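Student: dropping the sequence and predicted coords here.
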Protein chains: 2
Amino acid sequence: MKIYLAGPDVFLPDAIEIGRRKVAICAAHGLTGLYPLDNAIDLTAPDAARQIFCGNEAMMDEADAIIANLTPFRGAGADPGTVYELGYMAGRRKFCLAYSNDGATYADRVGRFMDVTSEDGRLVDAQGLIVEDFGLVDNLMMIHALELHGCPLVTPAVMPIDVWHDLAAFEACVRMAAARLMAT
Amino acid sequence: MKIYLAGPDVFLPDAIEIGRRKVAICAAHGLTGLYPLDNAIDLTAPDAARQIFCGNEAMMDEADAIIANLTPFRGAGADPGTVYELGYMAGRRKFCLAYSNDGATYADRVGRFMDVTSEDGRLVDAQGLIVEDFGLVDNLMMIHALELHGCPLVTPAVMPIDVWHDLAAFEACVRMAAARLMAT
């Protein structure tokens, strides 16, 4: 089983090393990890962004499954680039798995970044926009997509000190993917 | 042609009215707009979130195209719930359109929320994560998905005063969808 390894990990200073660790964990469970190409092409090429897109899309089309890192990125929610890939894989009817190293609810997390008030029984942010409040870790589209197109989101019982380098929740996803492979 | 109308519009206090306006604009161009169900179900039901997901997914499966509102939401980037839907529709090989009422580049926009520094020729945010810097309005996965699976992102020449209620860029997307319908 080939697994596309989506996540804002590609934006870490040690992105390539994290990718190697993730691929090694997949291999230890008999699976092939495919790590996005963001750091494997010439960033000075005029069409670098498009090359990354086309490479990543081809890799997703080749993969049987996705493990997406939905750990909150620059705000209360997951990295939109990663979420795009999760949606794409759900649309391709691939097996969808994800983890977040922050298990707080989305509504609680928005409160870390801005004032949230209660109006007529609904939570409202500083801009007057309603804050989704279903007790879920992120937007309901991702959470229920995982439940219905793969496995429920994995979160650690205790938030790791280094959310960007702790791969325990990632490995739990790999184990679920391996179990799925054994069952089919 | 049926068009799924994705966006954080569903979180506006006047979400239902915005949906009506969008559907009316579609109708004026001979198209059928399908507006997500977030505000059309009983939010006190224990499985409300799942009902919304299943309803929205069925609506996306029924639609021929998507117009996604990628206007930045609670931060520098687009609403992840909307981006999930854009990815899903790209995966289903539907026609993909989107607009953002903020035409600034993603890198410039991150600088509004946190300190961004330059290290070894790459932009780095306050957490040490690399800031994508291709001169694009948002993450390259969405921008190039639109280019390759539909039409390039629409942004207004001048940012409207009310980014949540100005529908000129939305209507430009509707016109492109109608032109596509005429051509096929």
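Tutor: Looks like it came in fine.

Student: quick one: residues contacting the residue lying closest to A:His29 once chain neighbours are set aside.
Tutor: Leaving out its chain neighbours, the residue that sits closest to A:His29 by CB to CB, 6 or more residues apart in numbering or on different chains is A:Ala178, at 4.2 Å. Placement of C-beta: from N, CA and C, glycine included. For A:Ala178, the contact set (CB atoms under 8 Å, 6 or more residues apart in numbering or on different chains) comprises A:1, A:29-31.

Student: rerun at 10 Å
Tutor: Going by CB atoms under 10 Å, 6 or more residues apart in numbering or on different chains, A:Ala178 touches A:1, A:3, A:26, A:28-31.

Student: any idea how far it lies from A:Ala157?
Tutor: 21 Å (CB to CB, to the nearest Å).

Student: output stretch A:130-139 in CSV with nothing but the alpha carbons.
Tutor: The C-alpha coordinates for stretch A:130-139 follow below in CSV (Å, rounded to 0.1, in the frame of the first residue of the first chain):
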residue,chain,number,x,y,z
ILE,A,130,-19.9,32.2,13.8
VAL,A,131,-17.4,29.8,15.4
GLU,A,132,-18.2,26.1,14.6
ASP,A,133,-19.0,24.6,18.0
PHE,A,134,-19.7,20.9,17.6
GLY,A,135,-17.0,19.8,20.1
LEU,A,136,-14.8,18.7,17.2
VAL,A,137,-11.0,19.2,16.8
ASP,A,138,-11.4,21.0,13.4
ASN,A,139,-14.0,21.9,10.8
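
Student: what about stretch A:33-50, near chain B?
Tutor: Yes - contact between stretch A:33-50 and chain B, assessed by CB under 10 Å from any CB of the partner chain, occurs at A:36, A:38-39, A:43-44, A:47-50.

Student: help me confirm that the residue nearest to A:His29 is found in a strand?
Tutor: No - A:Ala178: not assigned to a strand; according to DSSP: H, G, I helix; E, B strand; the rest coil it is helix.

Student: roughly how far apart are it and chain B?
Tutor: 24 Å (CB to the nearest CB, to the nearest Å).

Student: what is the nearest of the contacts of A:Ala178 to A:Ala107?
Tutor: Of all the contacts of A:Ala178, A:Ala107 sits closest to A:Ile3, with 30.9 Å by CB to CB.

Student: quick one on the thing from earlier: would TSV of the residues of stretch A:33-50 next to chain B with neighbour count and secondary structure be doable?
Tutor: Shown next, in TSV, are the residues of stretch A:33-50 next to chain B (neighbours: other CB atoms under 10 Å in any protein chain shown; DSSP: H, G, I helix; E, B strand; the rest coil):
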residue	neighbour count	secondary structure
A:Pro36	23	coil
A:Asp38	24	coil
A:Asn39	16	coil
A:Leu43	14	coil
A:Thr44	7	coil
A:Asp47	12	coil
A:Ala48	15	helix
A:Ala49	22	helix
A:Arg50	16	helix
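
Student: pick out the lowest-pLDDT one from those.
Tutor: In terms of pLDDT, A:Asn39 ranks lowest among the residues of stretch A:33-50 next to chain B, with 68.

Student: A:Asn101 is in contact with A:Asp162, correct?
Tutor: Yes - using CB atoms under 10 Å, A:Asp162 is in contact with A:Asn101, at 8.7 Å.

Student: comparing the two, which shows the higher neighbour count?
Tutor: A:Asn101 (22 against 7; other CB atoms under 10 Å in any protein chain shown).
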